[in-house]
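Trainee: mind folding the following:
(2 chains)
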There are 2 protein chains.
Amino acid sequence: MAKQPILTPQADDFPRWYQDVVAKAELAENGPARGTMVIRPYGYSIWERMQAEEDIRIKEAGAENCAFPLFIPQSYLTREAEHVEGFSPELAMVTHAGGKELDEPLVVRPTSETVIGEYMGKWIQSYRDLPLLLNLWNNVVRWELRPRLFLRTTEFLWQEGHTAHASAEDSNAYAERILRDVYTDFMVNVLAIPVLAGRKTAAERFPGAINTLACEAMMGDGKALQMGTSHDLGQNFSKVFDITYLSDQGSTELCWTTSWGTSTRMVGGLIMAHGDDQGLVVPPALAPIQAVVLLVRDEGGAGDAAASLAAALKGAGVKVRLDAQVATSFGRRATDWELKGVPVRVEVGPRDLAEGLVTLVRRDTGEKWPVGVAEVAGRVPDLLVQIQADMLARATAHRDERTVNATTVEEAIEGAKVGFARVAWDLVKDGGEARLAQDAVTVRCLQTAEGGLPTSEDDPDLIAYLARSY
Amino acid sequence: MAKQPILTPQADDFPRWYQDVVAKAELAENGPARGTMVIRPYGYSIWERMQAEEDIRIKEAGAENCAFPLFIPQSYLTREAEHVEGFSPELAMVTHAGGKELDEPLVVRPTSETVIGEYMGKWIQSYRDLPLLLNLWNNVVRWELRPRLFLRTTEFLWQEGHTAHASAEDSNAYAERILRDVYTDFMVNVLAIPVLAGRKTAAERFPGAINTLACEAMMGDGKALQMGTSHDLGQNFSKVFDITYLSDQGSTELCWTTSWGTSTRMVGGLIMAHGDDQGLVVPPALAPIQAVVLLVRDEGGAGDAAASLAAALKGAGVKVRLDAQVATSFGRRATDWELKGVPVRVEVGPRDLAEGLVTLVRRDTGEKWPVGVAEVAGRVPDLLVQIQADMLARATAHRDERTVNATTVEEAIEGAKVGFARVAWDLVKDGGEARLAQDAVTVRCLQTAEGGLPTSEDDPDLIAYLARSY
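Mentor: I've put the predicted structure just below:
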C-alpha cells in the first residue's frame, strides 16, 4: 500500500500544495486579524538569512539603515496625487489613541516615501549632502482582500530604500544599480532563482514613479512572481516635499529620488520556485541549516559519531544541526527535514557505521550514497556548492522550457497561460494590455532586444514578457 | 575668547544637554506624529550593534526569533484583567481599514503576550514541546503624553521574549537566566554600564506578572534608568489562553510563562551613562565605528598614509572609518567625531608624519599622544580593550560615589534625590512607597543582603534601592 502523501501533490493542486508546505514545514500561520501572518521560527530563520544577505549588498551600494515612524499623518499621503490614489483603498487608519479621538487620523505606513520626503527636505542643504542613501528594515500595512501567506499579507516585513540625487542620470543609475547589484545578484546567486530584470509598463508602475524596474521570477507552475522593484521617482516627491539643494553653481535645484523594496514575499517565491512534492528545497547559500546530521539509532557508537561529525562539519564552515532525537522515529524525522528543505542529510546509523560509513542524501535530487566517516567534513562543502549550481541550472531550464517566442498577441496569450511569452512590445502597446487582462495575463516587464533595461517604452524593438502572475 | 560650546553643559541643564547630544550627534529627531521618532543612520547603527550583541546571547539562551502581527483584536487584550487595565490608557486603535469601518477595532500591539498566548495554546501539546522559547525583534506602540527621544516614545523598537515552561521552577529560573546571562552580561560587558539586577516591588510590576526582575542603571545626573525587565507571568496568561500540556504522567497541566524586553531606550541610557560635555562616548565593544583615521591635510603623503593606516587597522580587526574629507576643516571634523563618541581617533597630518608619527586620541579621557605610524595597528586593539575596562570602572565609581546607605526613610529620600539610596525594605514596605512618591522617588529594585535576587518581598533582610528615575 502506497504511503499517504504528506502534501497535496503539485500536479493535483499547486495552490493547495503551497499552503500545505507553509503549514507542514512550520513556516507561517494566519494571524488573528484579517490577512496578518505569524512567521514561525523556521520561516523566520529563512527571512533572517535573506535580510543578512541583502543587507550586505545594500551597504555595499552605500545605503545606510535608519528608522522612520510607523504612523504617518494622513495629510502627508494626500500631497502626491498619484501616490494617494494608488494607496487609498489599502490604508489602515488609527483614529483613537491614548483614550481619545485624534484630531487628525494617522495612516499606518503602507510605504514611507511621504514621511521620508519630509525629512530629506530638511536634511539636504547642498550638493555636498548628495547622494543621500537610506534603507529601512520594517513592517508595512496594506489591507488585503485576498490574503495568502507570504505572497500577499495585510502586514508584511520588508526593506524599503529611499535615495536622493543631484541629477536625473544619477537617480536613474542608482535605481538600476540596486536592481542589478543588490536584487538580481542576491536572487540569482543566493536564492538560485533566475530573474528577468526589466522595466514595467506605465500601467504597472508604482504610484508616483516615472519608471519602475522589477525582477520577475517563474514559479513551479509557470506563473510569474514579482520579487522586487526599484523605482525612479523623478522629481515628483521632491516637488511636493520641497527636497532641494544648493548646487555648486549657487542655484537652488530640485533633487531626483528613488525608492526600492523587497519583502517576505520572497519566502513565498523561494517555496514556489524550488519546492517539490516532498516540500521545501532551500538553496545552500541561503539555508539557515545547510546540513543535518541525523542519528538513526543510538547504538554501536552512532551517537558519538554523529556528534563528532556535526562538530567536524561546523569546523568546516557548514551551518549544521545535530538531530539526535531518537525518541521520535527515524522515518518521521527524515521526512521532517525533507519537508523543511535542508540541502544535505548525513544519516548516521549503527549498521553503516560498523563498516565505517554514513549515508549522504541530497535534498534537491533525492540521491543517496555511502561515504566514509572521515571524508564527510571534506566532502560536504563542495557538495553544497554543487547543489547551489544545480538548483540554479534546474530553475533556469524550467523557465526556458516554459518560455515561448510568440509572433502574435493571441499566440503570446496562449503561451502566457502556462509560462512566459516573449512578444514584440509594438504588438501589445496600443490597447493590448486591456486585451491581455481578459485572460488574466499581464506584461511582466519590458527588455531591450539584447535583454537590457529599456530607457523608455517607445523604443520600437522592445520585447515584452507576458505571464499570469501571483 | 573661549569657544562657544556646541552642547549645553551637563552641569547647567542635564535634560537639555541630552537633547543637544541626540540632535547634534545626528542620532534621532521627532517624527511628525506625536511622540514618534526618526532614528538617523548613526543612531540606528548603534541600535543595530545592540541588536547583534543581544541576539547572540538570546540565541545562546535557546530562544528562537519569529514574528507576530502588529494588530491584535481588542478582545484579546481584555481577557487578562490586570494586563488590560495596565495598558488601556496607552493604546492606539485602528478603527478603519480598506476603506471601511472595522467590525472589531484592532489594537496596535503595546506588547504581544496576548496574541502569543493564543498561539502557544495551539502549538503546545505535550511536555516534549516544552520549554517553548521565542523572541521577537519588532516595534510596539504605547501612547506617550510626555515623550522624550529614545527614553519614552509612542513607537519604539525592541525585542520581546516569550517562553512557556512545565513548572514554576523552570519559568522562574528562565526569567532569572535572561536577566543575568543576556541583559546584565550585555549591559556590563558591552555597554560598560554597571547595572543593579533586582526584583520590582508589587507596585512596580508588569501588568499580569507575578514577579518582575529588572536591570537598573545610574545615569550621569544620578537618576536611575530601567534598562530591561524580565517577567515571570506565572499561570496568569496560561489560564486565560488555555496554554496547557500533557505531562509525562498523562495529566493535563497549565504552563508557566515568562516575558522579557529591552528597547531603543537603551540608546538613551548609553548617552546618559557615558556622555560628557563634548558629546556621546561609545564603549569600544559596542561602537559601530571603533576608530576613525582623520586626515588633517592631504600633503606630504598624508593621504596615502591615512588610507594605509585605515587598511591596516581593518586588517587588525578594528571597525575603522577613514575621514579624508579635507574640504571640511580638520577642527570641525574632529569635533564631530568627538560628538559622535568614536572611541579612538588617529590623526594623520603632514607635520607629524615627517617625523614618522601620528597622534592617537582617546575619546573617553581626551588624552593625546604621538605614536609611530608602524605601531598604530598593533596598539589600537589593546587600547580599545583598555578603554572598555576604564569606562566600566568610571561608571561604577560614579555610581558608588552617588550611592548612600541610609538608616531612615527620610535619609534615604535625601540620598535618592541625587543618586541611589540603599535602605532596609522593612522600613519602606508598609505604606512607604506612597511617602516616597511625594518626593518623586521610587523603589528601583529589591536585592537580598548579599546582592542576589529575592524570591519574595517578604524576606525581612531585603535591601531596597531608591532613586529618582527616567
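Trainee: wait, what's in contact with the nearest residue to A:Leu339 once chain neighbours are set aside?
Mentor: Using Cβ to Cβ, 6 or more residues apart in numbering or on different chains and skipping the chain neighbours, the partner closest in space to A:Leu339 is A:Gly279 (3.7 Å). (Glycine included, C-beta is placed from N, CA and C.) Taking Cβ atoms under 8 Å, 6 or more residues apart in numbering or on different chains as the contact definition, A:Gly279 lies against A:6-7, A:21, A:24-25, A:338-341.
Trainee: next, give phi and psi for A:Gly279.
Mentor: phi 130, psi -150 (degrees, to the nearest 10).
Trainee: next one: A:Asp232
Mentor: Torsion angles, degrees, to the nearest 10, at A:Asp232: phi -90, psi 110.
Trainee: what do you get for A:Ser308?
Mentor: Dihedral angles for A:Ser308 - degrees, to the nearest 10 - are phi -60, psi -40.
Trainee: go on, the one 5 residues further on?
Mentor: Here the main-chain torsion angles of A:Leu313 (degrees, to the nearest 10) amount to phi -70, psi -40.
Trainee: grab the nearest non-local neighbour of it.
Mentor: Closest to A:Leu313 by Cβ to Cβ, 6+ apart is A:Val320, at 4.3 Å.
Trainee: show me what the one you found bridges to in the sheet.
Mentor: With DSSP bridges applied, A:Val320 shows beta-bridge pairing to A:Ala291.
Trainee: wait, it touches A:Pro288, no?
Mentor: No: between A:Val320 and A:Pro288 no contact is recorded; they are 11.0 Å apart, counting by Cβ atoms under 8 Å.
Trainee: those two: who's more crowded?
Mentor: Ranked by neighbour count (other Cβ atoms under 10 Å in any protein chain shown), A:Val320 and A:Pro288 place A:Val320 first, with 23 against 18.
Trainee: which ones are touching the more buried one?
Mentor: The contact partners of A:Val320, taken as Cβ under 8 Å, 6+ apart, are A:289-293, A:310, A:313-314.
Trainee: give the residue spans of chain A that score low on pLDDT.
Mentor: A:1-3 (pLDDT under 70).
Trainee: got the domain boundaries for it?
Mentor: Following automatic domain parsing, one finds the domains of chain A at A:14-274, A:291-386, A:403-467.
Trainee: endpoints of the first one, how far apart?
Mentor: By that I understand domain A:14-274. One end of domain A:14-274 sits 13 Å from the other (Cα to Cα, to the nearest Å).
Trainee: show me how far that domain is from its chain's centre.
Mentor: For domain A:14-274, the separation from the chain centroid amounts to 12 Å (computed by Cα atoms, centre = their mean, to the nearest Å).
Trainee: and if you look at the second one?
Mentor: Computed by Cα atoms, centre = their mean, the chain-centroid distance of domain A:291-386 equals 30 Å.
Trainee: give the closest residue to the residue in the stretch 201-350 of chain A positioned nearest to chain B in space, chain neighbours not counted.
Mentor: Of all residues in the stretch 201-350 of chain A, the one sitting closest to chain B is A:Ala327 (7.7 Å; Cβ to the nearest Cβ). Counting by Cβ to Cβ, 6+ apart, B:Arg128 is the residue found nearest to A:Ala327 once chain neighbours are left out, at 7.7 Å.
Trainee: what's the answer for A:Pro147, then?
Mentor: For A:Pro147, ignoring the flanking residues on the chain, the nearest one in space by Cβ to Cβ, 6+ apart is A:Gly35 at 3.5 Å.
Trainee: which residues does that neighbour contact?
Mentor: A:143-144, A:147, A:152-155.
Trainee: isn't A:Asp242 right next to A:Tyr119, touching?
Mentor: No: if you go by Cβ under 8 Å, A:Asp242 and A:Tyr119 don't touch, sitting 11.5 Å apart.
Trainee: for the two, indicate the residue with more neighbours.
Mentor: It is A:Tyr119, of A:Asp242 and A:Tyr119, that has more neighbours when counted by other Cβ under 10 Å, with 22 against 14.
Trainee: in what helix or strand does the more buried one lie?
Mentor: helix A:113-123 (DSSP states H and E).
Trainee: quick one: list the elements packing against that helix.
Mentor: helix A:74-77, strand A:132-141, strand A:155-165, helix A:236-241, strand A:256-263 (3 or more Cβ pairs under 8 Å, 6 or more residues apart in numbering or on different chains; DSSP states H and E).
Trainee: near chain B at all, the fourth one?
Mentor: Looking back up the chat, that one is helix A:236-241. No: legend: contact between helix A:236-241 and chain B by Cβ under 8 Å from any Cβ of the partner chain is lacking; minimum distance shown is 11.6 Å.
Trainee: following the chain past that helix, name the next helix or strand.
Mentor: That would be, after helix A:236-241 and using DSSP H and E, strand A:244-246.
Trainee: ok, back up a step: among the domains of chain A, which is nearest B:Gly301?
Mentor: Taking Cβ to Cβ, domain A:14-274 is the member of the domains of chain A nearest to B:Gly301, at 26.0 Å.
Trainee: assign A:Ala393 to helix, strand or coil.
Mentor: In three-state terms, and counting by DSSP: H, G, I helix; E, B strand; the rest coil, A:Ala393 is helix.
Trainee: sorry, slip of the keys, the one I care about is A:Leu7.
Mentor: When classified by three-state DSSP, A:Leu7 comes out as coil.
Trainee: ok, now the one 4 residues further on?
Mentor: Using three-state DSSP, the secondary structure recorded for A:Ala11 is coil.
Trainee: what's the answer for the one 10 residues further on, then?
Mentor: Of the three states, A:Val21 takes helix according to three-state DSSP.
Trainee: quick revisit: which of the helices and strands packed on helix A:113-123 sits most buried?
Mentor: strand A:256-263 (a mean of 26; mean count of other Cβ atoms under 10 Å in any protein chain shown).
Trainee: coming back round to it: A strand includes the residue nearest to A:Ala327, no?
Mentor: No: if the criterion is three-state DSSP, then B:Arg128 is helix and not within a strand.
Trainee: residues contacting the most centrally placed residue in chain A?
Mentor: By Cα atoms, centre = their mean, the mean C-alpha position of chain A lies nearest to A:Met266, the distance being 2.4 Å. Neighbouring residues of A:Met266 by Cβ under 8 Å, 6+ apart: A:50, A:187, A:191, A:227-228.
Trainee: filter those down to just the ones in strands.
Mentor: Judged by DSSP state E, strands contain the following of those: A:227-228.
Trainee: can you put the contacts of A:Met266 in CSV and add neighbour count?
Mentor: Below are the contacts of A:Met266 laid out as CSV (neighbours: other Cβ atoms under 10 Å in any protein chain shown):
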residue, neighbour count
A:Met50, 23
A:Met187, 25
A:Leu191, 25
A:Met227, 25
A:Gly228, 28
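Trainee: before we move on, the earlier item: what does the helix holding A:Tyr119 rub up against?
Mentor: Contacts of helix A:113-123 (Cβ under 8 Å, 6+ apart): A:68-69, A:72, A:76-77, A:79-80, A:83, A:109, A:129, A:132, A:134, A:162, A:164, A:208, A:233, A:237-238, A:240-244, A:255, A:257, A:259, B:29, B:31-32, B:38.
Trainee: what residues does the stretch 251-400 of chain A put near chain B?
Mentor: Residues of the stretch 251-400 of chain A lying near chain B (Cβ under 8 Å from any Cβ): A:Ala327.
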